[in-house]
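Visitor: predicted model, plus sequence, below.
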Amino acid sequence: NYTPPPGPKMCEGPKKAYPLDKPLVKAGWGYDNRRFIAGDVAGIRKEDLPRLKLKWAFGYPGAIQGRSQPVIAMDTIFVGSQDGTVYALDLETGCARWATKTGAEVRTTIVVEPGTKSPQLYFGDVLGNAHALDALTGKEIWRTHVDSHHDSTVTGTPVPYGDMLYVPVSSTEVGSAEDPKYACCTFRGSVVAVGRKTGQEKWQAYTVEQEPKPTGKKTRAGTDIIAPSGAPVWGSPTVDAKRGLLYFGSGESYSSPADTNS
């Protein structure tokens, strides 16, 4: 029988201060989509790899997978889990400075707001919510449902830039479409811009401009075929500050009325 690991060991003794003046290495999703960390930044060479030893390990309680990419800032590892908990783990010992349950699986990187004495954390969950937490305490600052579709989800890491947070919106509608009685499909991918401090939506840009409507055709099960739809945004956007542009790609193509003959 499987026995889940116990909850995280909380840090004991006097609370360690967060080194707020320590520069944040902007590497990985949410910062640099090349996912490349230079050797001088990582502080490790390929010759060091055979000599590495395990220092500590952490098992996610109540989870069978971990798809949130950890990020290091202020001598702390910030990472989300399948059961919706976000952890702030001490870099040196692995004990938890704090742990906050958000309610839904976190698949994105936890993005740390740089250059402030009261830094926030940004991330998304599988139920289509974007979140902001206080990085020092784990307290929730705001939570915004970024798309009204019942199958919306956030799997790509949100990107902070200026006063805005750009949140990619994807979908799990492919699962709903397995039901022959489900009228498919109605989701449109998008990127939503929300205020970093408030979580208030500023705009939403869809990958499919037209709203989906019944095509007049039906499936063999007798359900309506709806189009156009699709083109979810699975990945993290990239900001081109010089040109004032936002780049992103869709994980799938979209279906149009002309595609519904089969």
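Guide: Here it is on my side, so go on.

Visitor: residue ranges for the helices of the stretch 51-200 of the chain, please.
Guide: For the stretch 51-200 of the chain, the helices defined by DSSP state H, counting those that start in this stretch occupy 173-176.

Visitor: now do the strands in it.
Guide: 71-73, 76-80, 85-90, 96-101, 111-112, 120-124, 129-134, 140-145, 152-153, 159-161, 164-171, 190-195 (DSSP state E, counting those that start in this stretch).

Visitor: for G59, find the nearest of the ones you listed.
Guide: Closest to G59 of these, according to CB to CB: strand 85-90, at 11.5 Å. Where C-beta positions appear, they are placed from N, C-alpha and C, glycine not excepted.

Visitor: picking up where we left off before, got JSON lines for the strands of the stretch 51-200 of the chain, with distance to E211, mean neighbour count and mean pLDDT too?
Guide: Listed next are the strands of the stretch 51-200 of the chain as JSON lines, based on distance: least, CB to CB, whole Å; neighbours: other CB atoms under 10 Å; pLDDT from 0 to 100:
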{"stretch": "strand 71-73", "distance to E211": "37", "mean neighbour count": "22", "mean pLDDT": "90"}
{"stretch": "strand 76-80", "distance to E211": "32", "mean neighbour count": "23", "mean pLDDT": "95"}
{"stretch": "strand 85-90", "distance to E211": "35", "mean neighbour count": "22", "mean pLDDT": "96"}
{"stretch": "strand 96-101", "distance to E211": "36", "mean neighbour count": "18", "mean pLDDT": "95"}
{"stretch": "strand 111-112", "distance to E211": "31", "mean neighbour count": "24", "mean pLDDT": "94"}
{"stretch": "strand 120-124", "distance to E211": "24", "mean neighbour count": "25", "mean pLDDT": "96"}
{"stretch": "strand 129-134", "distance to E211": "23", "mean neighbour count": "23", "mean pLDDT": "97"}
{"stretch": "strand 140-145", "distance to E211": "19", "mean neighbour count": "16", "mean pLDDT": "98"}
{"stretch": "strand 152-153", "distance to E211": "15", "mean neighbour count": "25", "mean pLDDT": "97"}
{"stretch": "strand 159-161", "distance to E211": "26", "mean neighbour count": "19", "mean pLDDT": "93"}
{"stretch": "strand 164-171", "distance to E211": "15", "mean neighbour count": "27", "mean pLDDT": "97"}
{"stretch": "strand 190-195", "distance to E211": "12", "mean neighbour count": "22", "mean pLDDT": "98"}
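
Visitor: how about those strands, which one is nearest A241?
Guide: Between the strands of the stretch 51-200 of the chain, strand 159-161 lies closest to A241; by CB to CB that is 7.1 Å.

Visitor: adding distance to T219, write the strands of the stretch 51-200 of the chain out as TSV.
Guide: Formatted as TSV, the strands of the stretch 51-200 of the chain follow (distance: least, CB to CB, whole Å):
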stretch	distance to T219
strand 71-73	44
strand 76-80	37
strand 85-90	40
strand 96-101	40
strand 111-112	41
strand 120-124	32
strand 129-134	32
strand 140-145	30
strand 152-153	23
strand 159-161	38
strand 164-171	19
strand 190-195	26
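
Visitor: out of these, the one nearest P212 is which?
Guide: strand 164-171 (12.1 Å).
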